[in-house]
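Novice: fold the following.
(2 chains)
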Amino acid sequence: MGWLPWSSSDGNDGVKKTSGGAFESPSRTNRVKCYEARDAFFECLDRNKILDSINTKNGQSAATRACGQEDVVFEKNCAHSWVEYFKKQRVVNYQKEQTIKKIEAEGGDIVAPQLPTRQQS
Amino acid sequence: MSFEICGLCTTSSPHDPQNFHNHQAQTSRLLARIPSFSQLAIAMASPSSCIVGAVKGIGRPSTLQSALRTSSRRTFATTRNSYAASAWNKSGEKGAPCHLQRQMVYRKDLLSRMRGTSAQPARPFSNSTPRSALKTIEQVKARNKGGPFNVTAAILFIGTAVGLWVYFTYEKERLARKKIADETKGIGKPKVGGPFNLVDQDGKPFSNKDMEGKYALVYFGFTHCPDICPDELDKMSLMYDKTVEKCGNVLLPIMITCDPARDTPAVLKEYLQEFHPDIIGLTGEYENIKQTCKAYRVYFSTPPTVKPGQDYLVDHSIYFYLMDPEGDFVEAIGRNFTADQAAKVITDHIKDWEKPLKKEQRWA
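Specialist: Numbering: from 1, shown residues only, chains lettered A, B, ... in the order given. Take a look at the predicted model:
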(Lines give C-alpha, C1' and ligand atoms only; values in the text may rest on other atoms or scores of the structure.)
Protein backbone atom coordinates (compact mmCIF):
# COMPACT_ATOMS: atom_id res chain seq x y z
CA MET A 1 0.00 0.00 0.00
CA GLY A 2 1.58 3.10 -1.06
CA TRP A 3 1.91 6.67 -1.14
CA LEU A 4 0.99 8.43 -4.33
CA PRO A 5 4.16 9.35 -6.20
CA TRP A 6 3.57 13.08 -6.46
CA SER A 7 2.76 13.79 -2.85
CA SER A 8 5.81 12.28 -1.21
CA SER A 9 8.11 14.68 -3.07
CA ASP A 10 6.71 17.85 -1.53
CA GLY A 11 5.75 16.68 1.94
CA ASN A 12 6.88 19.94 3.51
CA ASP A 13 3.98 21.83 2.00
CA GLY A 14 1.16 19.88 3.59
CA VAL A 15 0.55 18.31 6.94
CA LYS A 16 3.43 16.45 8.57
CA LYS A 17 3.18 12.77 7.93
CA THR A 18 4.92 9.56 8.77
CA SER A 19 6.76 7.53 6.15
CA GLY A 20 3.68 5.35 5.89
CA GLY A 21 1.53 8.34 4.94
CA ALA A 22 -0.33 8.70 8.24
CA PHE A 23 -0.63 11.93 10.18
CA GLU A 24 2.11 12.44 12.65
CA SER A 25 -0.36 14.28 14.77
CA PRO A 26 -4.01 14.33 13.80
CA SER A 27 -4.57 17.59 15.67
CA ARG A 28 -7.55 19.85 15.23
CA THR A 29 -5.77 22.24 12.88
CA ASN A 30 -4.53 19.36 10.77
CA ARG A 31 -7.99 17.91 10.57
CA VAL A 32 -9.48 21.23 9.53
CA LYS A 33 -6.92 21.56 6.75
CA CYS A 34 -7.73 18.06 5.58
CA TYR A 35 -11.48 18.70 5.59
CA GLU A 36 -11.03 21.90 3.60
CA ALA A 37 -8.95 20.13 0.97
CA ARG A 38 -11.49 17.34 0.82
CA ASP A 39 -14.41 19.73 0.37
CA ALA A 40 -12.58 21.55 -2.41
CA PHE A 41 -11.90 18.27 -4.19
CA PHE A 42 -15.49 17.10 -3.84
CA GLU A 43 -16.80 20.43 -5.11
CA CYS A 44 -14.69 19.94 -8.20
CA LEU A 45 -16.05 16.43 -8.63
CA ASP A 46 -19.59 17.79 -8.27
CA ARG A 47 -18.94 20.40 -10.94
CA ASN A 48 -17.69 17.70 -13.30
CA LYS A 49 -20.46 15.32 -12.32
CA ILE A 50 -18.06 12.66 -11.12
CA LEU A 51 -19.28 10.52 -8.27
CA ASP A 52 -16.75 7.75 -7.92
CA SER A 53 -13.13 8.78 -7.93
CA ILE A 54 -11.62 5.64 -6.43
CA ASN A 55 -13.46 2.40 -7.02
CA THR A 56 -13.33 2.21 -10.80
CA LYS A 57 -10.48 2.89 -13.21
CA ASN A 58 -12.69 5.16 -15.29
CA GLY A 59 -13.59 7.19 -12.27
CA GLN A 60 -9.98 7.47 -11.15
CA SER A 61 -8.80 8.71 -14.51
CA ALA A 62 -11.74 11.09 -14.89
CA ALA A 63 -11.09 12.55 -11.47
CA THR A 64 -7.39 12.96 -12.18
CA ARG A 65 -8.16 14.64 -15.48
CA ALA A 66 -10.78 17.03 -14.16
CA CYS A 67 -9.63 17.64 -10.60
CA GLY A 68 -6.01 16.56 -10.54
CA GLN A 69 -4.92 19.75 -8.85
CA GLU A 70 -7.45 19.46 -6.06
CA ASP A 71 -6.62 15.81 -5.63
CA VAL A 72 -2.97 16.64 -5.07
CA VAL A 73 -3.84 19.20 -2.40
CA PHE A 74 -6.22 16.70 -0.83
CA GLU A 75 -3.52 14.04 -0.63
CA LYS A 76 -1.06 16.56 0.70
CA ASN A 77 -3.25 17.67 3.57
CA CYS A 78 -4.73 14.35 4.62
CA ALA A 79 -3.41 11.00 5.64
CA HIS A 80 -3.62 8.64 2.71
CA SER A 81 -6.01 6.37 4.57
CA TRP A 82 -8.27 9.33 5.15
CA VAL A 83 -8.26 10.22 1.45
CA GLU A 84 -9.34 6.71 0.54
CA TYR A 85 -11.90 6.72 3.31
CA PHE A 86 -13.48 10.00 2.24
CA LYS A 87 -13.54 9.05 -1.43
CA LYS A 88 -15.29 5.79 -0.65
CA GLN A 89 -17.58 7.48 1.80
CA ARG A 90 -18.72 9.89 -0.92
CA VAL A 91 -19.96 6.98 -3.01
CA VAL A 92 -21.57 5.23 -0.08
CA ASN A 93 -23.32 8.41 1.05
CA TYR A 94 -24.70 9.00 -2.41
CA GLN A 95 -26.00 5.44 -2.65
CA LYS A 96 -27.61 5.75 0.75
CA GLU A 97 -29.32 8.98 -0.21
CA GLN A 98 -30.66 7.37 -3.34
CA THR A 99 -31.92 4.36 -1.40
CA ILE A 100 -33.66 6.57 1.11
CA LYS A 101 -35.24 8.63 -1.65
CA LYS A 102 -36.39 5.46 -3.37
CA ILE A 103 -37.95 4.05 -0.23
CA GLU A 104 -39.63 7.35 0.54
CA ALA A 105 -40.97 7.61 -3.00
CA GLU A 106 -42.48 4.16 -2.57
CA GLY A 107 -44.24 5.38 0.53
CA GLY A 108 -41.99 3.74 3.08
CA ASP A 109 -40.96 5.56 6.17
CA ILE A 110 -37.45 5.05 7.44
CA VAL A 111 -35.33 6.91 9.90
CA ALA A 112 -31.81 6.29 8.74
CA PRO A 113 -28.96 6.95 11.11
CA GLN A 114 -26.96 10.01 10.29
CA LEU A 115 -24.09 9.44 7.94
CA PRO A 116 -20.62 10.73 8.58
CA THR A 117 -20.48 13.86 6.50
CA ARG A 118 -18.83 17.09 7.45
CA GLN A 119 -21.51 19.22 5.90
CA GLN A 120 -23.58 19.58 9.05
CA SER A 121 -20.75 20.81 11.22
CA MET B 1 -84.33 32.60 63.30
CA SER B 2 -83.47 30.64 66.38
CA PHE B 3 -80.90 33.25 67.22
CA GLU B 4 -83.44 36.03 67.11
CA ILE B 5 -86.07 34.24 69.06
CA CYS B 6 -83.56 33.29 71.65
CA GLY B 7 -82.38 36.86 71.68
CA LEU B 8 -85.88 37.88 72.59
CA CYS B 9 -86.29 35.07 75.03
CA THR B 10 -83.16 35.88 76.93
CA THR B 11 -84.61 39.16 78.01
CA SER B 12 -86.84 37.24 80.37
CA SER B 13 -85.52 35.05 83.07
CA PRO B 14 -85.92 31.34 82.59
CA HIS B 15 -86.44 31.13 86.34
CA ASP B 16 -89.68 32.99 86.02
CA PRO B 17 -92.10 30.60 84.28
CA GLN B 18 -94.87 33.16 84.12
CA ASN B 19 -92.76 35.65 82.31
CA PHE B 20 -91.27 33.05 80.09
CA HIS B 21 -94.68 31.88 78.89
CA ASN B 22 -95.76 35.42 78.34
CA HIS B 23 -92.81 35.84 76.14
CA GLN B 24 -93.39 32.73 74.18
CA ALA B 25 -96.87 33.85 73.47
CA GLN B 26 -95.65 37.22 72.45
CA THR B 27 -93.03 35.81 70.18
CA SER B 28 -95.45 33.52 68.40
CA ARG B 29 -97.85 36.38 67.99
CA LEU B 30 -95.07 38.47 66.66
CA LEU B 31 -94.08 35.79 64.18
CA ALA B 32 -97.65 35.29 63.06
CA ARG B 33 -97.90 38.95 62.23
CA ILE B 34 -94.79 39.01 60.11
CA PRO B 35 -96.43 38.82 56.72
CA SER B 36 -93.76 37.57 54.35
CA PHE B 37 -90.62 35.54 54.25
CA SER B 38 -88.52 38.55 53.36
CA GLN B 39 -89.46 40.25 56.56
CA LEU B 40 -88.65 37.07 58.40
CA ALA B 41 -85.34 36.95 56.64
CA ILE B 42 -84.65 40.52 57.63
CA ALA B 43 -85.59 39.57 61.13
CA MET B 44 -83.05 36.79 60.97
CA ALA B 45 -80.35 38.90 59.44
CA SER B 46 -80.05 41.64 61.99
CA PRO B 47 -81.41 42.14 65.43
CA SER B 48 -82.12 45.86 65.23
CA SER B 49 -84.10 45.69 61.99
CA CYS B 50 -85.89 42.66 63.37
CA ILE B 51 -87.08 44.67 66.26
CA VAL B 52 -88.19 47.41 63.92
CA GLY B 53 -90.14 44.77 62.01
CA ALA B 54 -91.53 43.42 65.22
CA VAL B 55 -92.57 46.83 66.36
CA LYS B 56 -94.25 47.48 63.01
CA GLY B 57 -95.95 44.13 63.15
CA ILE B 58 -97.25 44.70 66.62
CA GLY B 59 -98.48 48.09 65.53
CA ARG B 60 -97.68 49.81 68.79
CA PRO B 61 -97.33 53.59 68.99
CA SER B 62 -94.64 55.27 67.00
CA THR B 63 -92.98 56.49 70.16
CA LEU B 64 -91.48 53.08 70.42
CA GLN B 65 -90.05 53.36 66.98
CA SER B 66 -88.58 56.73 67.70
CA ALA B 67 -87.25 55.41 70.98
CA LEU B 68 -85.67 52.60 69.07
CA ARG B 69 -84.22 54.97 66.49
CA THR B 70 -82.74 57.23 69.09
CA SER B 71 -81.38 54.25 70.89
CA SER B 72 -79.85 53.04 67.65
CA ARG B 73 -78.40 56.43 66.98
CA ARG B 74 -76.97 56.60 70.40
CA THR B 75 -75.44 53.21 70.24
CA PHE B 76 -74.10 53.12 66.70
CA ALA B 77 -73.95 56.79 65.73
CA THR B 78 -76.01 56.25 62.63
CA THR B 79 -79.59 57.00 61.76
CA ARG B 80 -80.19 54.26 59.27
CA ASN B 81 -81.14 50.86 60.54
CA SER B 82 -79.40 48.96 57.79
CA TYR B 83 -76.17 50.74 58.54
CA ALA B 84 -76.74 50.15 62.16
CA ALA B 85 -77.18 46.48 61.41
CA SER B 86 -73.94 46.22 59.54
CA ALA B 87 -72.20 48.25 62.18
CA TRP B 88 -73.52 45.83 64.74
CA ASN B 89 -72.20 42.93 62.79
CA LYS B 90 -68.82 44.54 62.32
CA SER B 91 -68.47 45.44 65.91
CA GLY B 92 -69.89 42.08 66.82
CA GLU B 93 -66.93 40.48 65.16
CA LYS B 94 -64.53 42.55 67.18
CA GLY B 95 -65.99 42.99 70.59
CA ALA B 96 -69.16 41.09 71.03
CA PRO B 97 -69.72 41.00 74.78
CA CYS B 98 -69.80 44.75 75.22
CA HIS B 99 -72.27 45.33 72.42
CA LEU B 100 -74.35 42.40 73.34
CA GLN B 101 -74.63 43.84 76.76
CA ARG B 102 -75.84 47.15 75.39
CA GLN B 103 -78.18 45.31 73.10
CA MET B 104 -79.65 43.46 76.00
CA VAL B 105 -80.12 46.54 78.08
CA TYR B 106 -81.92 48.29 75.28
CA ARG B 107 -84.10 45.31 74.51
CA LYS B 108 -84.99 44.88 78.09
CA ASP B 109 -85.97 48.47 78.10
CA LEU B 110 -88.07 48.04 75.00
CA LEU B 111 -89.79 44.91 76.20
CA SER B 112 -90.55 46.26 79.58
CA ARG B 113 -92.19 49.20 77.90
CA MET B 114 -94.15 46.87 75.66
CA ARG B 115 -95.36 44.81 78.55
CA GLY B 116 -95.54 47.63 80.98
CA THR B 117 -93.63 45.64 83.54
CA SER B 118 -90.05 45.75 84.67
CA ALA B 119 -88.02 42.85 83.40
CA GLN B 120 -85.89 40.56 85.50
CA PRO B 121 -82.12 41.04 85.29
CA ALA B 122 -81.28 39.25 82.06
CA ARG B 123 -78.64 36.68 81.55
CA PRO B 124 -77.39 36.40 77.99
CA PHE B 125 -78.00 33.03 76.42
CA SER B 126 -74.73 32.99 74.57
CA ASN B 127 -71.75 35.24 74.30
CA SER B 128 -70.48 33.80 71.04
CA THR B 129 -70.50 35.85 67.86
CA PRO B 130 -72.61 34.75 64.93
CA ARG B 131 -70.76 32.17 62.88
CA SER B 132 -71.45 33.43 59.42
CA ALA B 133 -69.30 36.31 58.27
CA LEU B 134 -71.80 37.21 55.59
CA LYS B 135 -73.40 40.54 56.20
CA THR B 136 -76.48 40.66 54.02
CA ILE B 137 -78.93 38.19 52.63
CA GLU B 138 -77.72 39.10 49.13
CA GLN B 139 -74.31 37.86 50.05
CA VAL B 140 -75.75 34.64 51.38
CA LYS B 141 -77.76 34.19 48.22
CA ALA B 142 -74.78 34.97 45.99
CA ARG B 143 -72.70 32.51 47.87
CA ASN B 144 -75.14 29.68 47.55
CA LYS B 145 -76.20 30.50 44.00
CA GLY B 146 -73.80 28.18 42.14
CA GLY B 147 -74.21 25.33 44.57
CA PRO B 148 -70.94 23.54 45.38
CA PHE B 149 -69.26 24.83 42.20
CA ASN B 150 -67.35 28.00 42.89
CA VAL B 151 -63.94 29.47 42.07
CA THR B 152 -62.17 27.93 45.04
CA ALA B 153 -63.49 24.49 44.22
CA ALA B 154 -62.49 24.88 40.58
CA ILE B 155 -58.95 25.97 41.49
CA LEU B 156 -58.60 23.09 43.94
CA PHE B 157 -59.89 20.62 41.37
CA ILE B 158 -57.63 21.81 38.57
CA GLY B 159 -54.67 22.09 40.92
CA THR B 160 -55.14 18.52 42.09
CA ALA B 161 -55.52 17.27 38.52
CA VAL B 162 -52.35 19.03 37.34
CA GLY B 163 -50.45 17.85 40.38
CA LEU B 164 -51.42 14.26 39.83
CA TRP B 165 -50.62 14.44 36.15
CA VAL B 166 -47.15 15.88 36.79
CA TYR B 167 -46.47 13.29 39.46
CA PHE B 168 -47.53 10.32 37.37
CA THR B 169 -45.65 11.54 34.30
CA TYR B 170 -42.51 11.93 36.37
CA GLU B 171 -42.92 8.52 37.96
CA LYS B 172 -43.48 6.89 34.59
CA GLU B 173 -40.26 8.37 33.20
CA ARG B 174 -38.34 7.44 36.31
CA LEU B 175 -39.55 3.84 36.19
CA ALA B 176 -38.63 3.61 32.52
CA ARG B 177 -35.10 4.75 33.33
CA LYS B 178 -34.93 2.38 36.28
CA LYS B 179 -35.92 -0.45 34.01
CA ILE B 180 -33.10 0.40 31.60
CA ALA B 181 -30.63 0.72 34.45
CA ASP B 182 -31.75 -2.54 36.06
CA GLU B 183 -31.74 -4.50 32.85
CA THR B 184 -28.05 -5.23 33.13
CA LYS B 185 -28.07 -5.89 36.88
CA GLY B 186 -28.57 -9.29 38.39
CA ILE B 187 -28.21 -12.77 37.08
CA GLY B 188 -28.76 -13.90 33.53
CA LYS B 189 -28.41 -10.45 32.02
CA PRO B 190 -25.92 -9.58 29.29
CA LYS B 191 -22.91 -8.09 30.93
CA VAL B 192 -21.36 -5.02 29.37
CA GLY B 193 -18.16 -3.77 30.90
CA GLY B 194 -15.91 -5.51 33.34
CA PRO B 195 -12.42 -5.60 34.71
CA PHE B 196 -9.57 -4.10 32.73
CA ASN B 197 -6.04 -2.94 33.37
CA LEU B 198 -4.89 -0.07 31.20
CA VAL B 199 -2.71 3.02 31.36
CA ASP B 200 -3.94 6.62 31.33
CA GLN B 201 -2.47 9.46 29.27
CA ASP B 202 0.03 10.26 32.03
CA GLY B 203 1.34 6.71 32.01
CA LYS B 204 -0.32 5.80 35.31
CA PRO B 205 -2.14 2.50 35.64
CA PHE B 206 -5.90 2.75 35.45
CA SER B 207 -8.24 -0.13 36.09
CA ASN B 208 -11.98 -0.58 36.38
CA LYS B 209 -11.55 -0.04 40.14
CA ASP B 210 -10.65 3.58 39.43
CA MET B 211 -14.02 4.07 37.80
CA GLU B 212 -15.96 3.05 40.88
CA GLY B 213 -17.75 5.67 42.90
CA LYS B 214 -18.61 7.85 39.95
CA TYR B 215 -20.57 7.49 36.79
CA ALA B 216 -18.39 6.91 33.75
CA LEU B 217 -18.97 7.75 30.12
CA VAL B 218 -16.84 5.37 28.12
CA TYR B 219 -16.03 5.91 24.47
CA PHE B 220 -13.90 3.78 22.21
CA GLY B 221 -11.95 5.55 19.48
CA PHE B 222 -8.54 6.28 18.12
CA THR B 223 -6.63 9.44 17.43
CA HIS B 224 -6.23 8.82 13.70
CA CYS B 225 -9.97 8.67 13.24
CA PRO B 226 -10.96 10.70 10.19
CA ASP B 227 -14.24 12.30 11.16
CA ILE B 228 -16.57 10.42 13.47
CA CYS B 229 -14.44 10.20 16.59
CA PRO B 230 -13.44 13.88 16.66
CA ASP B 231 -17.08 14.86 16.27
CA GLU B 232 -18.11 12.45 18.96
CA LEU B 233 -15.37 13.59 21.30
CA ASP B 234 -16.45 17.20 20.83
CA LYS B 235 -19.95 16.07 21.69
CA MET B 236 -18.58 14.20 24.69
CA SER B 237 -16.98 17.40 26.02
CA LEU B 238 -20.29 19.21 25.69
CA MET B 239 -22.19 16.35 27.35
CA TYR B 240 -19.64 16.26 30.15
CA ASP B 241 -19.79 20.01 30.75
CA LYS B 242 -23.57 20.04 30.79
CA THR B 243 -23.69 17.10 33.18
CA VAL B 244 -21.13 18.62 35.54
CA GLU B 245 -23.05 21.87 35.46
CA LYS B 246 -26.21 20.10 36.60
CA CYS B 247 -24.93 17.30 38.82
CA GLY B 248 -21.45 18.31 39.91
CA ASN B 249 -18.29 16.35 39.49
CA VAL B 250 -19.79 12.86 39.40
CA LEU B 251 -18.93 11.76 35.88
CA LEU B 252 -15.68 10.45 34.40
CA PRO B 253 -15.31 10.96 30.67
CA ILE B 254 -13.13 8.13 29.42
CA MET B 255 -11.82 7.42 25.96
CA ILE B 256 -10.30 4.02 25.39
CA THR B 257 -8.23 3.71 22.27
CA CYS B 258 -8.71 0.85 19.86
CA ASP B 259 -5.37 1.59 18.29
CA PRO B 260 -2.77 1.01 21.02
CA ALA B 261 0.08 0.72 18.53
CA ARG B 262 -0.11 4.38 17.55
CA ASP B 263 -1.92 5.84 20.54
CA THR B 264 0.69 6.01 23.22
CA PRO B 265 -0.05 7.94 26.42
CA ALA B 266 1.80 10.97 25.04
CA VAL B 267 -0.20 10.95 21.78
CA LEU B 268 -3.46 10.59 23.68
CA LYS B 269 -2.56 13.41 26.02
CA GLU B 270 -1.84 15.82 23.19
CA TYR B 271 -4.92 14.71 21.30
CA LEU B 272 -7.40 14.88 24.17
CA GLN B 273 -6.10 18.22 25.39
CA GLU B 274 -7.80 19.74 22.35
CA PHE B 275 -11.17 18.34 23.34
CA HIS B 276 -11.40 18.59 27.10
CA PRO B 277 -8.71 18.54 29.77
CA ASP B 278 -10.86 16.26 31.94
CA ILE B 279 -11.15 13.42 29.44
CA ILE B 280 -9.17 10.39 30.53
CA GLY B 281 -7.44 8.61 27.67
CA LEU B 282 -6.69 4.95 28.20
CA THR B 283 -4.29 2.80 26.27
CA GLY B 284 -2.26 -0.31 26.95
CA GLU B 285 -0.97 -3.49 25.47
CA TYR B 286 -2.80 -4.84 22.47
CA GLU B 287 -4.04 -7.84 24.46
CA ASN B 288 -5.36 -5.63 27.25
CA ILE B 289 -7.17 -3.41 24.79
CA LYS B 290 -8.61 -6.44 23.05
CA GLN B 291 -9.83 -7.86 26.33
CA THR B 292 -11.38 -4.50 27.34
CA CYS B 293 -13.13 -4.16 24.00
CA LYS B 294 -14.45 -7.68 24.39
CA ALA B 295 -15.81 -6.87 27.85
CA TYR B 296 -17.62 -3.85 26.44
CA ARG B 297 -18.83 -5.80 23.41
CA VAL B 298 -16.97 -3.40 21.17
CA TYR B 299 -16.01 -4.54 17.73
CA PHE B 300 -12.72 -3.21 16.42
CA SER B 301 -10.46 -4.07 13.53
CA THR B 302 -6.96 -2.97 14.43
CA PRO B 303 -4.35 -5.25 12.90
CA PRO B 304 -2.41 -6.91 15.74
CA THR B 305 0.95 -6.14 14.21
CA VAL B 306 1.60 -2.84 12.48
CA LYS B 307 4.83 -1.42 11.14
CA PRO B 308 5.94 1.93 12.51
CA GLY B 309 4.42 4.78 10.54
CA GLN B 310 1.92 2.51 8.81
CA ASP B 311 -1.21 4.25 7.65
CA TYR B 312 -4.43 2.49 8.46
CA LEU B 313 -7.86 3.11 9.85
CA VAL B 314 -9.63 1.27 12.65
CA ASP B 315 -13.19 0.26 12.29
CA HIS B 316 -14.94 0.23 15.65
CA SER B 317 -18.26 0.57 17.43
CA ILE B 318 -19.21 4.15 18.11
CA TYR B 319 -21.38 4.12 21.21
CA PHE B 320 -20.98 5.96 24.46
CA TYR B 321 -21.35 3.56 27.34
CA LEU B 322 -22.77 5.02 30.52
CA MET B 323 -21.55 3.02 33.52
CA ASP B 324 -22.90 3.47 37.03
CA PRO B 325 -20.75 3.96 40.17
CA GLU B 326 -20.75 0.21 40.76
CA GLY B 327 -19.26 -0.42 37.36
CA ASP B 328 -22.46 -1.76 35.83
CA PHE B 329 -23.60 -0.77 32.38
CA VAL B 330 -26.57 1.62 32.36
CA GLU B 331 -27.26 2.76 28.83
CA ALA B 332 -25.61 3.12 25.44
CA ILE B 333 -25.84 6.50 23.77
CA GLY B 334 -25.57 6.46 20.02
CA ARG B 335 -24.66 9.04 17.43
CA ASN B 336 -28.28 9.99 16.90
CA PHE B 337 -28.30 11.77 20.28
CA THR B 338 -27.39 15.43 20.36
CA ALA B 339 -25.19 16.66 23.19
CA ASP B 340 -28.24 18.09 24.96
CA GLN B 341 -30.27 14.91 24.66
CA ALA B 342 -27.34 12.80 25.82
CA ALA B 343 -26.66 15.13 28.75
CA LYS B 344 -30.31 14.82 29.76
CA VAL B 345 -30.15 11.02 29.66
CA ILE B 346 -27.02 11.07 31.79
CA THR B 347 -28.24 13.62 34.34
CA ASP B 348 -31.54 11.80 34.72
CA HIS B 349 -29.73 8.57 35.51
CA ILE B 350 -27.41 10.32 37.92
CA LYS B 351 -30.34 11.90 39.72
CA ASP B 352 -31.95 8.49 40.02
CA TRP B 353 -28.90 7.12 41.73
CA GLU B 354 -29.98 6.80 45.32
CA LYS B 355 -26.72 5.87 46.93
CA PRO B 356 -24.36 8.73 47.75
CA LEU B 357 -21.96 9.51 44.98
CA LYS B 358 -18.32 9.79 45.76
CA LYS B 359 -17.91 13.46 45.16
CA GLU B 360 -14.25 14.14 45.95
CA GLN B 361 -12.02 15.19 43.16
CA ARG B 362 -9.76 12.32 42.29
CA TRP B 363 -8.37 13.57 39.04
CA ALA B 364 -7.64 17.22 39.50
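Novice: only C-alpha atoms from now on, for both contacts and neighbour counts.
Specialist: OK.
Novice: biggest helix in chain B by residues?
Specialist: helix B:151-183 (DSSP state H).
Novice: which stretches of the stretch 201-350 of chain B form helices?
Specialist: With DSSP state H, counting those that start in this stretch as the criterion, the stretch 201-350 of chain B has helices at B:228-247, B:265-273, B:286-295, B:339-352.
Novice: what is the rounded mean pLDDT of the second one?
Specialist: For helix B:265-273, mean pLDDT rounds to 90.
Novice: could you list the buried residues of that helix?
Specialist: Residues of helix B:265-273 classed as buried: B:265, B:267-272 (neighbour count, 16 or more other CA atoms under 10 Å in any protein chain shown).
Novice: output the residues you listed as TSV; include the columns distance to chain A.
Specialist: Shown next, in TSV, are the buried residues of helix B:265-273 (distance: CA to the nearest CA, whole Å):
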residue	distance to chain A
B:Pro265	13
B:Val267	8
B:Leu268	10
B:Lys269	11
B:Glu270	8
B:Tyr271	6
B:Leu272	9
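Novice: ok, for A:Ala37, nearest residue in space, not its chain neighbours?
Specialist: A:Phe74 (4.7 Å; CA to CA, 6 or more residues apart in numbering or on different chains).
Novice: the helix or strand encompassing that neighbour packs against which elements?
Specialist: Element membership for A:Phe74 (DSSP states H and E) is helix A:57-77. Applying 3 or more CA pairs under 8 Å, 6 or more residues apart in numbering or on different chains; DSSP states H and E, we find helix A:57-77 packed against helix A:5-9, helix A:28-47.
Novice: hmm, who's touching the last one?
Specialist: Yep, that's helix A:28-47 we're talking about. With CA atoms under 8 Å, 6 or more residues apart in numbering or on different chains as the contact definition, helix A:28-47 has outside contacts at A:15, A:51, A:63, A:66-67, A:70-71, A:73-74, A:77-78, A:83, A:86, A:118, B:226, B:274.
Novice: which two of those residues have the greatest separation?
Specialist: A:Ala66 and B:Glu274 (36.7 Å; CA to CA).
Novice: between those two, tell me which one has more neighbours.
Specialist: A:Ala66 (16 against 13; other CA atoms under 10 Å in any protein chain shown).
Novice: quick one: residues contacting the residue nearest to A:Ala37.
Specialist: Taking CA under 8 Å, 6+ apart, we find A:Phe74 in contact with A:34, A:37-38, A:41, A:83.
Novice: what about B:Asp328, neighbour count?
Specialist: 20.
Novice: wait, it touches B:Pro195, no?
Specialist: No: the pair B:Asp328 / B:Pro195 is not scored as a contact, 10.8 Å apart, by CA atoms under 8 Å.
Novice: show me the shaky parts of chain B.
Specialist: B:1-124, B:126-134, B:146, B:184-190, B:354-364 (pLDDT under 70).
Novice: how about the residues of it by chain A?
Specialist: B:223-224, B:226-228, B:267, B:271, B:274, B:308-313, B:335-336 (CA under 8 Å from any CA of the partner chain).
Novice: find the closest residue to chain A in the stretch 1-150 of chain B.
Specialist: Chain A sits closest to B:Phe149 of the stretch 1-150 of chain B, with a gap of 49.7 Å, by CA to the nearest CA.
Novice: which pLDDT value goes with A:Ser27?
Specialist: At A:Ser27, pLDDT is 84.
Novice: contact partners for it?
Specialist: B:271, B:274.
Novice: if we go to 7 Å?
Specialist: B:Tyr271 (CA atoms under 7 Å, 6 or more residues apart in numbering or on different chains).
Novice: list phi and psi for it.
Specialist: Dihedral pair for A:Ser27: phi -80, psi 170, per degrees, to the nearest 10.
Novice: can you give me the domain boundaries for chain B?
Specialist: If you go by the TED database, the domain ranges for chain B are B:153-188, B:197-352.
Novice: ok, back up a step: dump the contacts of A:Phe74 into JSON lines; add pLDDT, neighbour count and distance to B:Glu285 as well.
Specialist: Formatted as JSON lines, the contacts of A:Phe74 follow (pLDDT from 0 to 100; neighbours: other CA atoms under 10 Å in any protein chain shown; distance: CA to CA, whole Å):
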{"residue": "A:Cys34", "pLDDT": "89", "neighbour count": "25", "distance to B:Glu285": "30"}
{"residue": "A:Ala37", "pLDDT": "91", "neighbour count": "22", "distance to B:Glu285": "35"}
{"residue": "A:Arg38", "pLDDT": "91", "neighbour count": "24", "distance to B:Glu285": "34"}
{"residue": "A:Phe41", "pLDDT": "91", "neighbour count": "22", "distance to B:Glu285": "38"}
{"residue": "A:Val83", "pLDDT": "89", "neighbour count": "22", "distance to B:Glu285": "29"}
